[in-house]
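> What shape does this take:
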Amino acid sequence: MSTDTDSYPIFVMSQLTMANGIIDNDLPYDEIWPLANQHYHAFRNSKYNDENRSEYDCMMEYIKEQVSVKKFKLDEVGEVVVRNAILEDKNGTDLHDGIEIKLPNGQIIEIYRYYDVNDLTHTEVEDIVYDYLGIN
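The predicted structure is shown next:
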């Protein structure tokens, strides 16, 4: 595994996150690099960082987890798209596991508690969305 000062794995993470839509590849490179660095360090501290496997393979598993997507049809709002996400905290300095829920109108709800999108049930997503929108 690489050390914290190696730039090559951060470059690899930048390419993987951009290729998978986690980081917008239209951003200027000086904005991409700090985001890739944050993702790389989140990866390093994750369950996917396994010293018995290649770092690239471990990064790919991490990326797959981040791009898991599931759709739910909710009676009150229509179809929502839920995906695992790495979310920045309010001050923009730390990353946290969470989910993003995209509503039919394009609005995105960020939930800073970790849920694995593959384990979420219809009822859980409905509760999250309805609580956020104030629908009882």
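> By mean pLDDT, flag the weakest helix or strand of this structure.
The least trusted helix or strand in the chain, going by mean pLDDT, DSSP states H and E, turns out to be strand 95-102, with a mean of 82.
> for that one, packing partners?
Under the contact definition 3 or more C-beta pairs under 8 Å, 6 or more residues apart in numbering; DSSP states H and E, strand 95-102 sits against helix 29-44, strand 78-88, strand 108-111, helix 122-133. In this view, the C-beta of every residue, glycine as well, is placed from N, C-alpha and C.
> Identify the residue nearest the geometric centre of this protein.
Ala85 (1.9 Å; C-alpha atoms, centre = their mean).
> What spatial separation is found between that residue and Gly134?
Ala85 sits 23 Å away from Gly134, taking C-beta to C-beta, to the nearest Å as the criterion.
> Write down the beta-bridge partners of Glu88, one by one.
Following DSSP bridges, Glu88 is listed with bridge partners Leu95.
> What is the neighbour count of it?
16 (other C-beta atoms under 10 Å).
> That one contacts Asp94, correct?
Yes: assessed by C-beta atoms under 8 Å, Glu88 is found in contact with Asp94 at 7.2 Å.
> what's the overlap in contacts for the two?
Gln38 (C-beta atoms under 8 Å, 6 or more residues apart in numbering).
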